[in-house]
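*Asks:* Pasting the sequence and the predicted coordinates here, then a few questions.
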Amino acid sequence: MKMRLRLSWPVLALALTSCGFVSSKPDALIAVASNFTATADLLEEAFEAAYDFDVDIVSGATGQLYAQITNGAPFDVFLAADVTRPLMLEEAGLIVDGSRFTYAVGALALWTANIENVPRDDSDIAAVLLESRFQSLAIANPDLAPYGAAAMQALETLGLIELLEDRIVRGANIGQVFALVSTGSAEFGFVAQSQITTAGSIGWSLAVPAELHDPILQDGVLLQRAAENDAARAFIAFLRSSEGHDIIERHDYRVPE
């Protein structure tokens, strides 16, 4: 069975140079925002079934992956959870010209793993948060994770920041938020709708109305070091193909027109 890499850059550097840890270097290394990990895994499987290339996925918070790229991490493709970091890489001359594109549009949801946490009026985000008894509301770090920034923006739009600020706990990324809620360490959390879809119908969730926050546009780029990397170019082409779009849409993302 193929190893799935879920490592930070310092550990990854050791993994790629240790013959006892990773048997061979992949043809392309794909940095993926945490919210898109499960979808990226399926894209990887479908891509490798269709092409004679070996790629590996490394996931993390968008801000952390951006920092790793600017510090020399050997990624070939970057699939962020926002448009800001890919644009910053473009402005710094670190991507192949013209390679930046929106690969997915994300959706935010309020989620609890325990349906007993939810009051009778479960059709309104503000009502749920105001009427429920809970100690912790988990949100991804808004400085690093676009889904966390969208969650804070939604709370601000609803006028709930001051009322809830003492109960907000921050995860490093949206994956950590999902873990906090799934284990009961936090009663509620703002997660990506795609994570709930992947996990199946556990607990209760409510989609956050799109008008409460800026669109969660997720951009991808081909990094400059991979300008001549056929595997990286083929992976991006697959991501933008009808088969790639089908996989993305099955996980509650939209693809741009």
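*Replies:* Arrived safely.
*Asks:* Not counting its neighbours along the chain, what's nearest the residue nearest in space to the middle of the chain?
*Replies:* With distances taken as C-alpha atoms, centre = their mean, N35 lies nearest the centre of the chain, 2.3 Å away. Distances taken as C-beta to C-beta, 6 or more residues apart in numbering put A192 closest to N35, at 3.9 Å, once the chain neighbours are dropped. All C-beta spots, glycine's among them, are computed from the backbone N, C-alpha and C.
*Asks:* who does the one you found bridge with?
*Replies:* Bridge pairing for A192 (DSSP bridges) gives the partners L108.
*Asks:* now the helices for the stretch 151-257 of the chain?
*Replies:* In the stretch 151-257 of the chain, the helices defined using DSSP state H, counting those that start in this stretch lie at 161-164, 174-182, 193-199, 230-239, 242-250.
*Asks:* mind listing what the residue nearest to L144 when sequence neighbours are not counted touches?
*Replies:* Among residues not flanking L144 along the chain, G63 sits closest, at 3.2 Å (C-beta to C-beta, 6+ apart). Residues near G63 by C-beta atoms under 8 Å, 6 or more residues apart in numbering: R85, N141, D143, L144, A145.
*Asks:* Taking those residues, tell me the two that lie furthest apart.
*Replies:* Checked with C-beta to C-beta, the contacts of G63 reach their widest spread between R85 and N141, with 14.0 Å between them.
*Asks:* Which one's more surrounded, the two?
*Replies:* Ranked by neighbour count (other C-beta atoms under 10 Å), R85 and N141 place R85 first, with 23 against 20.
*Asks:* I'd guess that one is in a strand, am I close?
*Replies:* No - per DSSP: H, G, I helix; E, B strand; the rest coil, R85 lies outside any strand segment and is helix.
*Asks:* Mind pulling the model confidence for it?
*Replies:* We have a pLDDT of 96 for R85.
*Asks:* tell me which element the nearest residue to it once chain neighbours are set aside falls in.
*Replies:* Distance criterion C-beta to C-beta, 6+ apart; nearest residue to R85, sequence neighbours excluded, is Y66 at 4.0 Å. Assessed by DSSP states H and E, Y66 sits inside helix 62-70.
*Asks:* Using CSV, list the CA coordinates for that helix.
*Replies:* C-alpha atoms of helix 62-70 as CSV (Å, rounded to 0.1, in the frame of the first residue of the first chain):
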residue,chain,number,x,y,z
THR,A,62,-2.5,27.3,3.8
GLY,A,63,-0.4,29.8,5.7
GLN,A,64,2.0,27.2,7.0
LEU,A,65,2.4,25.6,3.5
TYR,A,66,3.0,29.1,2.0
ALA,A,67,5.8,29.7,4.6
GLN,A,68,7.4,26.4,3.9
ILE,A,69,7.4,27.1,0.1
THR,A,70,9.0,30.5,0.6
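*Asks:* Show me the shaky parts of the stretch 51-200 of the chain.
*Replies:* Low-confidence segments of the stretch 51-200 of the chain (pLDDT under 70): 121.
*Asks:* can you give me the strands for it?
*Replies:* 55-60, 77-79, 101-106, 108-112, 137-140, 168-171, 188-192 (DSSP state E, counting those that start in this stretch).
*Asks:* Go through those strands and name the closest to W204.
*Replies:* Closest approach to W204 among the strands of the stretch 51-200 of the chain (C-beta to C-beta): strand 108-112, 5.5 Å.
*Asks:* what does that closest one contact?
*Replies:* 118, 125, 128-129, 147, 150-151, 154, 178, 181, 187-193, 196, 203-208, 213, 216.
*Asks:* Apply the buried test to these and list what passes.
*Replies:* For these, a burial check counting by 16 or more other C-beta atoms under 10 Å picks out 118, 125, 128-129, 147, 150-151, 154, 178, 181, 187-193, 196, 203-206, 208, 213, 216.
*Asks:* My read is that L155 contacts E162, right?
*Replies:* No - the criterion here is C-beta atoms under 8 Å, and L155 misses it with E162 at 9.6 Å.
*Asks:* Pull up the gap between the nearest residue to R254 once chain neighbours are set aside and S242, please.
*Replies:* Distances taken as C-beta to C-beta, 6+ apart place V105 nearest to R254, at 4.2 Å, with adjacent residues excluded. Counting by C-beta to C-beta, to the nearest Å, the gap between V105 and S242 amounts to 17 Å.
*Asks:* Done for today, thanks.
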